[in-house]
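Novice: I'd like to go over a predicted model; first the sequence, then the structure.
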Amino acid sequence: MTKTAFITGITGQDGSYLAPFLLDKGYIVHGLERRGSLSHTDRIDHIDHENLHLNYGDMTDGTNLIRLIKDIQPDEIYNLAAQSHVQVSFDTPEYTANADALGTLRILEAIRILGLERKTKFYQASTSELFGNAPAPQNEHTPFHPRSPYATAKLYAYWATINYREAYGIFASNGILFNHESPMRGETFVTRKITRAIAAIKRGQQTHVELGNLDAKRDWGHARDYVEGMWKILQHEIADDFVLATGQTHSVRDFVEAAFALIGHDIQWQGSGVQETGISKQTNQILVTINPKFFRPTELDILCGDPSKAKKALDWQAKTSFQDLVKEMVEHDLST
């Protein structure tokens with residue numbers, strides 16, 4: 001029997017990988033698209049498939065979400081929509097809470113109100129930001145300590161998912177995903193900011209890139225691998241919560257060095273604090289500077305996940321190495 005999936009956030013990075021993944025498996029895929037005067041579908045415009053359908057709506061509009069879910073009757077819902085930029089959440093905390101926390105609640109309520117508890121499986125895109133500065137490696141039993149409006153909104157959504165699972169019997173699962181990147185990553189996220197800057201520097205369009213905390217360490221994987229994990233979470237025999245991660249950590253500094261090396265610049269560091277600069281050994285050109293405005297009000301030192309549970313229960317593990325991820329992102333931005 002053909003399954004139907006409903007993806008909120010289909011026009012984002014993860015949605016752009018999940019949609020073709022599900023279509024290749026024979027799903028009918030519906031996506032939620034926000035209405036605007038300009039199109040935001042560039043990440044999925046290349047997907048030409050008769051079983052892909054876009055529907056206008058918004059995570060802040062509960063009535064419309066109920067109508068859409070009633071019409072679509074999805075077998076699986078992947079809630080990927082969010083205001084997902086941590087730094088931006090400090091400037092827009094109320095909107096972040098409305099979209100990320102209450103938006104999740106609206107979908108869970110729609111499943112309950114429409115009587116789809118036994119039909120519709122629900123995947124909630126949780127985040128490693130829930131852990132804050134908890135000791136690494138972090139797993140499903142690590143206490144949460146959110147340190148941003150984004151993380152606190154996602155914590156509400158995480159517990160709402162568990163509550164609706166326990167209270168109403170909905171197959172509702174959390175995927176606690178650590179940082180996952182790709183050429184489709186938003187341009188304001190640090191990894192894509194670096195790779196886009198490298199392409200612009202290579203073309204002579206800019207001289208350097210301004211960054212914040214170079215020593216922040218993250219567990220970076222590829223979004224392509226992680227959407228497979230999302231799907232596997234909903235195919236598991238019981239609803240549960242899983243950490244998806246590589247189990248390895250690299251700093252922003254590591255990412256910078258690996259990315260610039262691909263265009264022939266070995267970075268050497270001089271100075272300290274906000275005066276630190278990254279200089280090309282080959283040309284003596286300053287390629288990296290520090291701008292204090294890119295520091296968060298509350299920094300996270302290290303996020304590193306323990307994906308043991310997902311590997312054992314789901315037979316899932318990240319496939320793309322850190323070096324291959326950086327190379328793919330740099331080559332994409334050099335070619336566009």
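Specialist: Now that the structure is in, tell me what you want to look at.

Novice: do a quick rundown of the strands in the stretch 101-250 of the chain.
Specialist: For the stretch 101-250 of the chain, the strands defined by DSSP state E, counting those that start in this stretch cover 121-127, 171-177, 180-181, 209-211, 217-218, 221-222, 241-244, 250-251.

Novice: residues near Lys311, how many?
Specialist: 15 (other Cβ atoms under 10 Å). (Glycine included, C-beta is placed from N, CA and C.)

Novice: so what does the helix or strand where it lies touch, helix or strand wise?
Specialist: Lys311 is part of helix 308-314, with elements assigned from DSSP states H and E. Contact here means 3 or more Cβ pairs under 8 Å, 6 or more residues apart in numbering; DSSP states H and E; on that basis helix 308-314 packs against helix 223-235, strand 241-244.

Novice: contacts for the following helix or strand past it?
Specialist: Per DSSP H and E, helix 308-314 leads on to helix 322-335 as the next helix or strand towards the C-terminus. If you take Cβ atoms under 8 Å, 6 or more residues apart in numbering as the criterion, helix 322-335 is touched by 181-183, 185, 191-192, 195-196, 198-199, 202, 220-222, 246, 248, 250, 254-255, 258-259, 262-263, 320.

Novice: Ile279 in helix, strand or coil?
Specialist: Of the three states, Ile279 takes strand under DSSP: H, G, I helix; E, B strand; the rest coil.

Novice: against Ile7, how distant is Ser39?
Specialist: 17 Å (Cβ to Cβ, to the nearest Å).

Novice: tell me the phi and psi of Thr8?
Specialist: phi -80, psi 150 (degrees, to the nearest 10).

Novice: for it, give me its contacts.
Specialist: 31-32, 59, 77-81, 103, 107.

Novice: can you check Val88 too?
Specialist: 96, 150, 188.

Novice: buried subset of those, written for ChimeraX?
Specialist: Command for ChimeraX, covering only those of the contacts of Val88 found buried under the criterion 16 or more other Cβ atoms under 10 Å:
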select :96,150
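
Novice: of the contacts of Val88, closest to Asn284?
Specialist: Thr188 (29.6 Å; Cβ to Cβ).

Novice: which residue packs closest to that closest one, ignoring adjacent ones?
Specialist: His85 (6.2 Å; Cβ to Cβ, 6 or more residues apart in numbering).

Novice: quick check: that neighbour touching Gly186?
Specialist: Yes: counting by Cβ atoms under 8 Å, Gly186 is a contact partner of His85 at 7.2 Å.

Novice: can you list the weak-confidence ranges in the stretch 1-150 of the chain?
Specialist: Scanning the stretch 1-150 of the chain with the threshold set as pLDDT under 70 gives 37-38.

Novice: these two touch, right, His250 and Ala216?
Specialist: No: using Cβ under 8 Å, His250 makes no contact with Ala216, being 10.1 Å away.

Novice: ok, how many other residues are close to Leu114?
Specialist: Neighbour tally, Leu114, other Cβ under 10 Å: 15.

Novice: would you confirm that Glu33 contacts His53?
Specialist: No: using Cβ under 8 Å, Glu33 makes no contact with His53, being 10.1 Å away.

Novice: neighbour-wise, which of these two wins?
Specialist: Just comparing Glu33 and His53: by other Cβ under 10 Å the higher neighbour count belongs to Glu33, 19 against 13.

Novice: that one and Asp306, how far apart?
Specialist: For Glu33, the distance to Asp306 - Cβ to Cβ - is 35 Å.

Novice: okay, and Leu23 sits in which element?
Specialist: helix 13-24.

Novice: contact partners of that helix?
Specialist: The contact list for helix 13-24 (Cβ under 8 Å, 6+ apart) reads 5, 7, 9-10, 29, 31, 43-44, 47, 49, 51-52, 78, 80, 125, 180, 182, 184-186, 223-224, 226-228, 230-231.

Novice: can you rerun that using 6 Å?
Specialist: Outside helix 13-24, the residues that touch it by Cβ atoms under 6 Å, 6 or more residues apart in numbering are 5, 7, 9-10, 29, 43-44, 47, 49, 51, 80, 182, 184-185, 223-224, 227.

Novice: now the buried members of those.
Specialist: 5, 7, 9-10, 29, 43-44, 80, 182, 184-185, 223-224, 227.

Novice: circling back: with mean neighbour count and distance to Pro146 added, can I get the strands of the stretch 101-250 of the chain in JSON lines?
Specialist: JSON lines is the format used below for these (neighbours: other Cβ atoms under 10 Å; distance: least, Cβ to Cβ, whole Å):
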{"stretch": "strand 121-127", "mean neighbour count": "25", "distance to Pro146": "9"}
{"stretch": "strand 171-177", "mean neighbour count": "25", "distance to Pro146": "12"}
{"stretch": "strand 180-181", "mean neighbour count": "26", "distance to Pro146": "19"}
{"stretch": "strand 209-211", "mean neighbour count": "19", "distance to Pro146": "24"}
{"stretch": "strand 217-218", "mean neighbour count": "21", "distance to Pro146": "16"}
{"stretch": "strand 221-222", "mean neighbour count": "26", "distance to Pro146": "21"}
{"stretch": "strand 241-244", "mean neighbour count": "25", "distance to Pro146": "16"}
{"stretch": "strand 250-251", "mean neighbour count": "18", "distance to Pro146": "22"}
